[in-house]
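**Q** coordinates only, no sequence provided:
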């Protein structure tokens, strides 16, 4: 009788261990899936512009992305104090389907007047990487 009880208890323990192994393997697979997903989604290129403000007033930088097949994107990128150089508070995801095929930046004074505006085709905009993603906003660079 004791032998039978001992065999039954070992059989129960092996079922429990098998269940733990299955859950542990599922946990490993879930971790691998999460890591792989994060690796592939974190590969988006991004950029944060640094703006030199040569105006005598503070300016707010407004971005407009023009998409040929849908609504335009518009966002406030940050405020640059008069005479200062500072990185914008928001960055850009460097895919034309996200930021637009034409990128327009505007500098507005505190009243809302457009003091400066410039547009780039996407291919030209990404060339700003060559100058460290820096632009100069001032009367001499206005279009």
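**A** Thanks, I have it. Please read these numbers as outputs of a predicted model, since none were measured by experiment. Numbers count the residues shown, from 1 in each chain.

**Q** by mean pLDDT, which helix or strand of the chain comes out lowest?
**A** Scoring the helices and strands of the chain by mean pLDDT, DSSP states H and E places helix 2-41 at the bottom, with a mean of 70.

**Q** following that helix, which helix or strand comes up?
**A** Of the helices and strands lying after helix 2-41 in sequence (DSSP states H and E), the nearest is strand 46-47.

**Q** just checking, what packs against that following strand?
**A** Identification of packing neighbours for strand 46-47 by 3 or more C-beta pairs under 8 Å, 6 or more residues apart in numbering; DSSP states H and E yields strand 92-93. Where C-beta positions appear, they are placed from N, C-alpha and C, glycine not excepted.

**Q** what are the contacting residues of the next helix-or-strand element following the strand it packs on?
**A** Towards the C-terminus, the helix or strand next in line after strand 92-93, according to DSSP H and E, is helix 96-99. When contacts are defined by C-beta atoms under 8 Å, 6 or more residues apart in numbering, helix 96-99 is touched by residues 63, 65, 67, 73, 92-93, 122, 125.

**Q** out of those residues, which is nearest to residue 80?
**A** Closest to residue 80 out of those is residue 63 (13.4 Å), distances taken as C-beta to C-beta.

**Q** from residue 84, how far out is that closest one?
**A** When C-beta to C-beta, to the nearest Å is the yardstick, residue 63 and residue 84 sit 19 Å from each other.
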